[in-house]
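Visitor: Kindly return the folded structure for what I paste below:
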Amino acid sequence: MSDAGSRWEYKIVRTADGGLFSGDTSPMEDALNSLGGDGWELVDTISDSRGAGANSGQTALVFKRPKR
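Guide: Numbering: from 1, shown residues only. Predicted coordinates:
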């Protein structure tokens, strides 16, 4: 249910697949914690796997927060 008076702003962060969860996840955790500290909430992920093979697409992380 949405509140007619609410206003949101959105941020999209693109990542290369394979880089997001391969190896050390600390940099991504740090980035997510920073965004969360700024009031951003992860609401969706969108994968683009048009390329052939693993690690060839991109993932978009969609964040929102109340408009300031």
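
Visitor: pLDDT weak spots in the chain?
Guide: Applying pLDDT under 70 to the predicted model, the residue ranges of the chain that meet it are 1-5, 17-22, 49-56.

Visitor: Show me the strands in it, by range?
Guide: Listed in chain order, the strands of the chain (DSSP state E) span residues 8-16, 41-48, 58-66.

Visitor: could these go into a markdown table alongside mean neighbour count?
Guide: (Each C-beta comes from the backbone N, C-alpha and C, glycine too.) Rendered in a markdown table, the data for these read as follows (neighbours: other C-beta atoms under 10 Å):
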| stretch | mean neighbour count |
| --- | --- |
| strand 8-16 | 12 |
| strand 41-48 | 12 |
| strand 58-66 | 16 |
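
Visitor: ok, now which ones touch the one residue sitting closest to the centre of the chain?
Guide: Residue closest to the mean C-alpha point of the chain, counted by C-alpha atoms, centre = their mean, is Leu61 at 2.0 Å. Taking C-beta atoms under 8 Å, 6 or more residues apart in numbering, we find Leu61 in contact with Ile12, Val13, Arg14, Thr15, Leu42, Asp44, Thr45.

Visitor: ok, back up a step: would you list the strands of the chain in CSV and tack on distance to Ser26?
Guide: Rendered in CSV, the data for the strands of the chain read as follows (distance: least, C-beta to C-beta, whole Å):
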stretch, distance to Ser26
strand 8-16, 15
strand 41-48, 17
strand 58-66, 17
